[in-house]
Each structure stands twice: as structure tokens, then as C-alpha cells.
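>>> no sequence on hand, only this structure:
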């Protein structure tokens, strides 16, 4: 296998490879290609009154709509790793989870709840109208609240 390095076009390759398109050493690379630190998640000992199990369909249905499916996947990986006591690579969406108060983090230490909280009224207002109505119906059926 040949790698592109700065220089002239190599015409003996099929297809010809323009080798002057490779980045110079020391250039910036995308965040997903850089080495990520290891984090050590732990369980947040703060119990919630209004929460669901991470495996509940509520998490994938409503939290995915609120913060995105990749952030939800990172949250579920953090919860699983914290329960098992395993370290894992720094999640790409940790900043989103922290902004939504789903995790606390200080350096390589990440604290995550064992249960996932229900969406706040602010987060619910960000949902599309049809999904907001569905969410409000879900809340009425499960805990009798009206938002």
C-alpha cells in the first residue's frame, strides 16, 4: 500500500495519486482523529424523583430528539461503564451532556447518574410540536403532571 506524501503526481499508480494533497506534519487534524484521553466514570449518588431507567424507550425517543442520538449513545456508554467500574475514551459529546446537567466532569473524572432524568420544561419546549404533544401525553399517563 502506498501513502500520499508531498511531492509530484505519481502516474504509475492506478488511479494516479496526487501526492501533494497530504497534510504537512504538525497540521491541525479533526477532533475525531486525535487521541482521546481516558475518563473514569462513577455513579452520581444524587437520587432523582422523576427519572427512568437507561433502557427505557423514553431515553431514546425524547432525549435523542432533545440532544441528539450520538450524545445519548455517549450517555448510555458512560452509565454502563460507571456501573461496571470501567474506564473509557473521553466521549465526544461530553460537553453536551454536561450542559444538560446529565453528567458532572472534572478532568478525567466523570460522574453520571444511574437513572436518566425526565426532560425539563425548557428541554420539552425545544422538541418539535408533534413530539412535544406526545411527550406531554406520556407525562400525563406516567405521573399525572401537566406541562
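Sure thing, it's come through. These numbers come from a predicted model, not from an experiment.

>>> and residue 68, what does it touch?
Contact analysis of residue 68 by CB atoms under 8 Å, 6 or more residues apart in numbering lists 93, 96. For the C-beta atoms, the positions are set from N, CA and C on the backbone; glycine is no exception.

>>> and for residue 74?
91-94, 97 are the contacts of residue 74 under CB under 8 Å, 6+ apart.

>>> how about 6 Å then?
91, 93 (CB atoms under 6 Å, 6 or more residues apart in numbering).

>>> doesn't it belong to a helix?
Yes. Looking at residue 74 with DSSP: H, G, I helix; E, B strand; the rest coil, it is inside a helix.

>>> residue numbering should commence at 527 henceforth.
That works, and once the first residue is 527, the last one we named lands at residue 600.

>>> give me the contact list for the lowest-mean-pLDDT helix or strand in the chain.
None of the helices or strands of the chain scores lower by mean pLDDT, DSSP states H and E than strand 629-632, at a mean of 88. With contact meaning CB under 6 Å, 6+ apart, strand 629-632 is reached by 623-624, 636-638.

>>> so of those, which ones are in helices?
Assignment to helices by DSSP state H places the following of these there: 623-624.

>>> tell me which helix or strand comes right after the lengthiest strand in the chain.
In the chain, with assignment by DSSP state E, the single longest strand is strand 564-569. The first helix or strand that comes after strand 564-569 along the chain, using DSSP states H and E, is strand 577-578.

>>> low-confidence stretches in this structure?
Applying pLDDT under 70 to the chain picks out residues 527-560, 670-673.

>>> nice, that's everything, thank you.
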